[in-house]
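# Using only what follows, build the 3D model:
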Amino acid sequence: MTTTWRTLVSAAALCPALAAADNGYFQIGYGAEARGLAGAAAASTRDAFGGASNPATTVWVGDRMEGNFIATRGDTRMERTANMPPPAAGLLDTRTDSLGRWEPLAELAISRVIAPGLSAGLVAYSNGAGTYFPADSTPCPSPTGAVQWANAACGTGRSITTIKQLTVAPTLSKQLGERWSVGASLLLTAQQFKAEGVQPLAPQHLSNQGVASSFGVGFRIGAYWRASDTLSLGAAWSPRTRMGRIKAYEGLLADHGRLDVPMNLLVGLQWSPTEALSVLLDYQRIGYAGVAGLGNRPFDGSVLRGAAGGPGNGWKDMNVVKLGVRYQATPALRLSAGVSANSAAYADAATSDNLNSPSTFRRHFTLGLGYATSARTEWSAFYSLAPAHRTSGPSALAAAVGAQLNGVSNPWGGESLATRQQSLGVQYAVRF
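A predicted model of the protein is given here:
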């Protein structure tokens, strides 16, 4: 297995992170089977991706390796009606669509029984968020008083902010008796951050600093219980992972450039009334409010950007409910479908502060299938759709420009964001 492990680690190091979002900036799930079930996986023991959800499930999987290849696309529409008074009527008004494109993503997982009732595994997965708005889409004021065309944030060039995180999770899972197991994963996380074209929000060269990186180490623990022949329960928890400072943007991100990975709690069940049919239900809570760069209140002028306790995006802790149904149509063919619902990442009033992190999703609908080509190999596929959900609130930019031009803040401007996302993927799995 030395060569296999080396290959997996090398591939994980090259695994691209995703510049899109599902539940905040967390993926809806990990592995094609979980994604086809709207991410429900807390009590599932059918693949090696437990290190990304519940590490206690890995010991039941056996010797298995799988790779999941995904393409995802998010399309965001941003609208602003500034309601500026004459002679500035029409200034800042815009209806801008993001530069939609398909983004690639890869996930890898391996599980190996190393002793009776004990397995070791490794999972590589990613999370991320961001969007890309075009240049020259919005009439903005210039230092000379003339109107100039700029991006939606009134900056130069495209308006881009992305956060990409790759986690490699070595995992141990131990069976305790016939029905219980526990597990733990070490979370080795690297992240990249980039901000472009947000000069009005980040003066003094705090925008357009290129891609900056930081690293952190966390952990996840989990438990699994086969309560009966038809019912299984699972739970997992990982605390906030403290990441290193993103030094190139320490004047932009709160707490001098720190952007931690939030706490993640997952509990769920799997009920199988027949051998062919299973229903999975998960609850997930993601602690975005505890991450200063996301959860702190938006900029109001009272605290400088990048300072200790500085402004964030006004994100709240997110509650997610995931429901999936899996049906074994034939010994070789598996079908699945799912739906998830989540609370809002931020209040409507914070819409203006989330121009480049427009996680507006509230629902996901998914389909999945798997086909065993032999006793040792299986192909899986999934498709997910997050319909656009619109958030609307006052325009901070319109208020600021109104105060600059007229000496009085403009309280009548409004902004809205709506993002629609699609993902599809194919996975190959092999048993040793």
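# I'd like to know how far the residue of the chain most remote from its centre sits from Ala403.
For the chain, the largest distance from the centre (Cα atoms, centre = their mean) belongs to Pro87, which lies 42.8 Å off. The gap separating Pro87 from Ala403 is 17 Å, by Cβ to Cβ, to the nearest Å. All C-beta spots, glycine's among them, are computed from the backbone N, C-alpha and C.
# same question, Gln165
Gln165 is 37 Å from Ala403, by Cβ to Cβ.
# can you check Ala153 too?
Distance from Ala153 to Ala403, by Cβ to Cβ: 17 Å.
# Comparing the two, which residue is more hemmed in?
Ala153 (23 against 12; other Cβ atoms under 10 Å).
# SS state for Ala403?
helix (DSSP: H, G, I helix; E, B strand; the rest coil).
# Ok, His364 next?
strand.
# what helix or strand is the closest residue to it other than its chain neighbours on?
In space, and not counting its chain neighbours, His364 is closest to Ser340: 4.5 Å by Cβ to Cβ, 6 or more residues apart in numbering. Assigned by DSSP states H and E, Ser340 belongs to strand 333-342.
# for Val426, same thing?
Using DSSP H and E, the element containing Val426 is strand 414-431.
# What strand or helix carries the closest residue to Thr373 other than its chain neighbours?
Distance criterion Cβ to Cβ, 6+ apart; nearest residue to Thr373, sequence neighbours excluded, is Trp379 at 6.4 Å. Assessed by DSSP H and E, Trp379 sits inside strand 377-394.
# hang on, the earlier thing: remind me what the strand holding Ser340 packs against, helices and strands.
If contacts are counted by 3 or more Cβ pairs under 8 Å, 6 or more residues apart in numbering; DSSP states H and E, strand 333-342 sits against helix 32-36, strand 318-328, strand 363-372.
# could you dump the ones you listed to TSV with mean pLDDT and distance to Gly117?
Formatted as TSV, those follow (pLDDT from 0 to 100; distance: least, Cβ to Cβ, whole Å):
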stretch	mean pLDDT	distance to Gly117
helix 32-36	96	24
strand 318-328	98	26
strand 363-372	97	26
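# which one of these is the most hemmed in?
helix 32-36 (a mean of 31; mean count of other Cβ atoms under 10 Å).
# Not counting that one itself, show me its contacts.
Here helix 32-36 makes contact (Cβ atoms under 8 Å, 6 or more residues apart in numbering) with 28-29, 40-41, 44, 46-47, 49, 53, 68, 324, 326, 336-338, 366-370, 380-382, 384, 423, 425-427.
# Look at Gly157 and say how many residues are nearby.
Counted with other Cβ under 10 Å, the neighbours of Gly157 add up to 15.
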